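[1] pasting the structure only:
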């Protein structure tokens, strides 16, 4: 079935039906929203938690499941955007936190667990020097500052459409409705992601297309020729906010060569790929070692934590005090204890083998559904991460994502999943994140919800 033959009125009718079903099942969430909106914009702690007409609120989680305030048990394929790859309330992580808490939860002073975690990360990610922060956003913010201090340059380059946190320098060229006014691929315009971003920050941030070595090289060569060489190129080695977009063969190697040629600090944002896809993230999976790495999300089993890794030459600028990398809660004892328990006891070789098994099953199941109904969907995934692209063409970057991905079907998929006991990440960039506590039965539940969706939209 070609995408243009999908009945749009049918999708609208199904969306209305499924939305009513959700609202009928969530009266307490609606009541809680009415209370929350009085003191919290959109009724939530973060805009990414919001949902129209109101969000669903949750009470607790155990293993692969979470519970809503209305008592619904939900198989969690959202997992805090990947933070909870260990599963909710993993007993070994809970035990580590319980042992640490009575000894003191915060000092603003060093502890041994931070040293041990730095040693672990140095071995896994092939970079010798590490600092800890409290989130992925802090990690990318500080990594860019270190890169600027090391090079003495100010401009940075990022991939168009990639999300690297909520600080000003990376809230640029992130989301557009279409590419009509963005410019040619070797000269994309820099576009603010919402209000409040200074024009100076926008002007210092240049976007290039993912999976396109040629046009990335053209843009950087022109910047260098104009005396505007970048301090850093920051990128996700696999884009994880467009569902999942994997690097094409040779792309990471090509970017590594370009940045090395011009003395540009190559930063891998492994906030989503690190820990979730392999113990050593993309470095382990694809073998390309950047100059710096940013970690977050899954690093510390659901406690706030991020990390910055770098080579010895770059991190010397932090070591000698040239660049100030600071944070009151950096290396927080609770987060370090949780991170250590996760790394040493939870995310084992067997855990990754289980994730790979589950991801293979969910991909095979969704592929079979698409084939069964002649539906133009494609699956992509690695380890704990994956998605179905509701697209009639291959997605290799943000431009092709905007062109091919069907936002109405993505929104409908979220509703179908929720109403059948599954929650996934919301929005046009829908993806799943598995945890090591998911079972084959959870995979069958997900594939069953997907089958129900595709059966109805192709009727």
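    Thanks, I have the structure now. Keep in mind that this is a model prediction, so the values were computed, not measured.
[2] By average pLDDT, which secondary structure element in this protein comes out worst?
    Here the helix or strand of the chain ranked lowest by mean pLDDT, DSSP states H and E is helix 398-404, holding a mean of 91.
[3] Please list the residues outside that helix that contact it.
    For helix 398-404, contacts defined as CB atoms under 8 Å, 6 or more residues apart in numbering pick out 159-162, 176-179, 182, 185, 209-210, 239, 242-243, 245, 389, 391-395. For the C-beta atoms, the positions are set from N, CA and C on the backbone; glycine is no exception.
[4] gap between the following helix or strand past it and the chain center?
    Downstream of helix 398-404, the next assigned helix or strand under DSSP states H and E is helix 407-419. Averaging C-alpha positions (CA atoms, centre = their mean, to the nearest Å) puts helix 407-419 19 Å from its chain's average.
[5] next one: stretch 67-85
    For stretch 67-85 - counting by CA atoms, centre = their mean - the centre lies 16 Å from the chain centre.
[6] Please tell me I have it right and residue 224 contacts residue 263.
    No. Residue 224 sits out of contact with residue 263 when judged by CB atoms under 8 Å, with a separation of 9.5 Å.
[7] For stretch 308-323, give the distance from the opening residue to the closing one.
    Terminal residues of stretch 308-323 are spaced 14 Å apart (CA to CA, to the nearest Å).
[8] Buried residues in that stretch, which are they?
    Under the neighbour-count criterion of 16 or more other CB atoms under 10 Å, stretch 308-323 has 308-311, 314-315, 317-318, 323 buried.
[9] Go ahead and name everything in contact with that stretch.
    By CB under 8 Å, 6+ apart, the list of residues contacting stretch 308-323 from outside reads 121-122, 125, 127-133, 139, 142-143, 145-147, 149-150, 265, 291-295, 325.
[10] Please spell out the PyMOL selection for the buried subset of the residues you listed.
    Buried residues within those, by 16+ other CB under 10 Å, are selected in PyMOL with:
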select buried, resi 121+125+127+129+130+131+132+133+139+142+143+145+146+147+149+150+265+291+292+293+294+295+325
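[11] Filter the contacts of stretch 308-323 down to the ones in helices?
    Counting by DSSP state H, the part of the contacts of stretch 308-323 found in helices is 121-122, 125, 139, 142-143, 145-147, 149-150.
[12] Out of those, which comes closest to residue 105?
    residue 139 (21.6 Å; CB to CB).
[13] do you know how far the closest one is from residue 131?
    Computed as CB to CB, to the nearest Å, the residue 139 to residue 131 distance reads 9 Å.
[14] quick one, strands of the stretch 301-450 of the chain?
    For the stretch 301-450 of the chain, the strands defined by DSSP state E, counting those that start in this stretch occupy 306-310, 378-382, 385-389, 422-423, 432-433.
[15] Compare those and give me the one nearest residue 442.
    Of the strands of the stretch 301-450 of the chain, the one closest to residue 442 (CB to CB) turns out to be strand 422-423, at 8.3 Å.
[16] Residue 189 and residue 206, how far apart?
    When residue 189 is compared with residue 206 (using CB to CB), they lie 10 Å apart.
[17] Show me which of the two is the more surrounded one.
    Per other CB atoms under 10 Å, whichever of residue 189 and residue 206 has more neighbours is residue 206, with 23 against 14.
[18] who touches both of residue 139 and residue 131?
    307-308.
[19] Closest to the centroid, which residue in this protein?
    The residue lying closest to the centre of the chain (CA atoms, centre = their mean) is residue 272, at 4.2 Å.
[20] and that residue, what element?
    Secondary structure assignment for residue 272, by DSSP H and E: no helix or strand.
[21] which one is it nearest to, not counting chain neighbours?
    residue 240 (3.9 Å; CB to CB, 6 or more residues apart in numbering).
[22] Tell me how many other residues crowd the one you found.
    Neighbour number of residue 240 under other CB under 10 Å is 28.
[23] one step back: pull out the buried positions in the least confident helix or strand of the chain.
    398-402, 404.
[24] do the same with stretch 74-91
    Buried, per 16+ other CB under 10 Å, within stretch 74-91: 74-88, 90.
[25] List just the nearest of the residues you listed to residue 358.
    residue 77 (10.4 Å).
[26] who's in contact with the closest one?
    Contacts of residue 77 by CB under 8 Å, 6+ apart are 417, 422-424, 432-434, 438, 442, 446.
[27] list the contacts for the nearest residue to it once chain neighbours are set aside?
    Of all residues not flanking residue 77 in the chain, residue 432 sits nearest, at 4.2 Å (CB to CB, 6+ apart). Counting by CB under 8 Å, 6+ apart, residue 432 makes contact with 77-78, 362, 381, 385-387, 424-425, 446.
[28] Can you select the buried ones from those residues in PyMOL?
    Per 16+ other CB under 10 Å, the buried members of these correspond to this PyMOL selection:
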select buried, resi 77+78+362+381+385+386+387+424+425+446
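[29] Check the contacts of residue 432 for the minimum pLDDT and say which it is.
    Lowest pLDDT among those: residue 425, with 88.
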